[in-house]
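> Just a sequence and a predicted model for now, questions to come.
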Amino acid sequence: MQKKTLIQTNPYLRAPEQYRKALVNNVSSSTAIETGATVASIAKTLSPESESVKTPRRSVR
């Protein structure tokens, strides 16, 4: 029996945009419960188009 690769078995790897949307929705709703902010405002902050979320740069030592 031939083994399947991870990309063949994991649907999220085949649709990264769908995965990102689901992740943002999940984090937004959980954060909204904890903070009392609206889900929409948190999702807007976490969206890839948002300028407020920045990826930290790693030093090259």
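Cool, the structure landed. Residues are numbered from 1 along each chain as shown.

> What is the helix or strand of the chain with the lowest mean pLDDT packed up against?
When the helices and strands of the chain are scored by mean pLDDT, DSSP states H and E, helix 11-14 comes last with a mean of 79. Judged by 3 or more Cβ pairs under 8 Å, 6 or more residues apart in numbering; DSSP states H and E, the packing partners of helix 11-14 are helix 6-9, helix 16-35. For every residue, glycine as well, the C-beta is placed using N, CA and C.

> Same list, those helices, but as JSON lines with distance to K44 please.
Converted to JSON lines, these look like this (distance: least, Cβ to Cβ, whole Å):
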{"stretch": "helix 6-9", "distance to K44": "31"}
{"stretch": "helix 16-35", "distance to K44": "9"}
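
> Pick the most deeply packed of those.
With neighbours taken as mean count of other Cβ atoms under 10 Å, the helices and strands packed on helix 11-14 reach their highest mean count in helix 16-35, at a mean of 13.

> which parts of whichever helix or strand comes after that helix are buried?
Note on helix 16-35: by DSSP states H and E, the next helix or strand toward the C-terminus is helix 39-46. In terms of neighbour count (16 or more other Cβ atoms under 10 Å), helix 39-46 has its buried residues at 39, 42-43, 46.
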